[in-house]
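Undergrad: coordinates only, no sequence provided:
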Ligand code: NAD
């Protein structure tokens, strides 16, 4: 029985999907119903108004959120999203995914997420800085290196984290780099953090290939939906492995080349022009067409809900690595699993970001920094280990659904910790 009595949490498809998937995992693992009910709702949510002065002198007010879903295992951890579709419910759903992700990969961290309902592409640099500083100030009572540690997500980056760190530090009176991760290297960021999510996606694809018994070589075709911080790195790493990246896209549409792109040239072109259209030796393709390409590996790395009941029948990829959070709706996911598509679930596939965020936090606390090779090696070891635990769980629970198995692994650790800590008071 659902006890989400106010309905506010359930307003977004992402939250509803996360709960449906949690319920399915709970059913298979016979989860304590009291723990299940607690996990269906976030622990705490803060809604803030963020007024800023625009460059033309007018004042605009944006709505911001920080949601802490569960902090049983440690401080909250999760990105800050600037996007026009951000809502309290969506942020809560993303915070819930963070809880299960951190637990699955064995981090001493809980799940949180934040965001502002804003189209950041319409703001100047100064306006973005004002927005970030005021938002940080409004949520400062619930964040901190021991409480809840934000990081970048859609529409935010290392510069955003630098402004957040500075604002928080100014208000406390001394430098507190540990309040955020994904910082620039010069402020205590970690080597390899920027690439970590895309790299982690590719590590899980390599394990999938071994598990399913295929080689990744020049005959392996890949399509990447979303060419941002996650998608562009995943595309680059797949090309470095020798695979043929035949299609990539961003919010404005995509490009296709059946022989595979010269990835170095494509990255340089995108860096210079900030668009994919017009890249030599490519033809335009829509985002819908890209998702329906007959490729070996599809990496949806943009936003949630892009594969749903209306387009799932057209999806032809054999393996889907969820670079984004929640890119496949629950019903589409079920249909794909029934068709034998191997889906590497978001809480596993894109966990590289939070794993290296954790490394950044640890390095910062020790004031002792590691080389990029060390970071990558440790990242690989954690994510590969988690992959095999999920595959083992799939066999143990007699399911061919990696998502349910991953959730079970995440929820299982959390369940034990919650029962040990008990219910306060
Ligand atoms: P980003 O803002 O750097 O990139 C997003 C990309 O998606 C851009 O290329 C954008 O043009 C494209 N896009 C946006 N809307 C689109 C649409 N409707 N159709 C097609 N393309 C669209 O964001 P990011 O950090 O790369 O995050 C992408 C996804 O990965 C998000 O779901 C995010 O939550 C998830 N994620 C990110 C990290 C991280 O470390 N950055 C970690 C884990 C998960």
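TA: Structure received. Here the structure is a predicted model, which means the values were calculated and not measured.
Undergrad: confirm for me that residue 277 is in contact with residue 250.
TA: No. Under the criterion of Cβ atoms under 8 Å, residue 277 makes no contact with residue 250, lying 9.4 Å away. (C-beta placed from N, C-alpha, C; glycine too.)
Undergrad: compare neighbour counts for those two and give me the winner.
TA: residue 250 (21 against 12; other Cβ atoms under 10 Å).
Undergrad: what comes into contact with whichever strand or helix holds residue 267?
TA: Taking DSSP states H and E as the criterion, the element that holds residue 267 is helix 263-273. Helix 263-273 has contacts (Cβ atoms under 8 Å, 6 or more residues apart in numbering) with 227, 232, 235, 236, 239, 240, 245, 248, 276, 279, 280.
Undergrad: hmm, the helix with the most length in the chain touching the ligand?
TA: The longest helix of the chain (DSSP state H) is helix 372-396. No. Figure legend: helix 372-396 not in contact with the ligand (Cβ under 6 Å from any ligand atom); closest approach 12.2 Å.
Undergrad: stretch 110-127 too?
TA: No. Stretch 110-127 does not reach the ligand (Cβ under 6 Å from any ligand atom); its nearest approach is 8.7 Å.
Undergrad: buried set for that stretch?
TA: Residues of stretch 110-127 classed as buried by neighbour count (16 or more other Cβ atoms under 10 Å): 110, 111, 112, 113, 114, 115, 116, 117, 118, 120, 123, 127.
Undergrad: tell me which two of the residues you listed sit farthest apart.
TA: Greatest spatial distance among the buried residues of stretch 110-127 (Cβ to Cβ): 110 and 127, at 31.8 Å.
Undergrad: relative to residue 72, how far out is the residue of the stretch 151-300 of the chain at minimum distance from the ligand?
TA: Among the residues of the stretch 151-300 of the chain, residue 228 lies nearest to the ligand; the distance is 1.7 Å by Cβ to the nearest ligand atom. Distance, residue 228 to residue 72, by Cβ to Cβ, to the nearest Å: 31 Å.
Undergrad: cool, and residue 371?
TA: Counting by Cβ to Cβ - residue 371 and residue 72 are separated by 33 Å.
Undergrad: higher neighbour count, the two?
TA: residue 72 (20 against 10).
Undergrad: quick check, that one in contact with residue 417.
TA: Yes. With contact defined as Cβ under 8 Å, residue 72 counts as touching residue 417 (4.9 Å).
Undergrad: ok, back up a step: pick out the most distant pair among the contacts of helix 263-273.
TA: Most distant of those, by Cβ to Cβ, are 240 and 280, 20.8 Å apart.
Undergrad: quick one: stretch 281-291 to chain centroid distance?
TA: Relative to its parent chain, stretch 281-291 has a centroid offset of 24 Å by Cα atoms, centre = their mean, to the nearest Å.
Undergrad: gap between residue 284 and residue 301?
TA: 19 Å.
Undergrad: residue 40 now?
TA: 27 Å.
Undergrad: now residue 244
TA: Distance, residue 244 to residue 301, by Cβ to Cβ: 17 Å.
Undergrad: higher neighbour count, these two?
TA: Comparing residue 244 with residue 301 by other Cβ under 10 Å, the one with more neighbours is residue 301, at 30 against 19.
Undergrad: wait, that one touches residue 325, no?
TA: No. Between residue 301 and residue 325 there is no contact under Cβ under 8 Å: 10.0 Å.
Undergrad: tally of neighbours for residue 168?
TA: Residue 168: 24 neighbours (other Cβ under 10 Å).
Undergrad: next, give phi and psi for it.
TA: phi -60, psi -40 (degrees, to the nearest 10).
Undergrad: what sits closest to residue 223 if chain neighbours are left out?
TA: residue 247 (4.1 Å; Cβ to Cβ, 6 or more residues apart in numbering).
Undergrad: since that was my last question, I'll sign off now.
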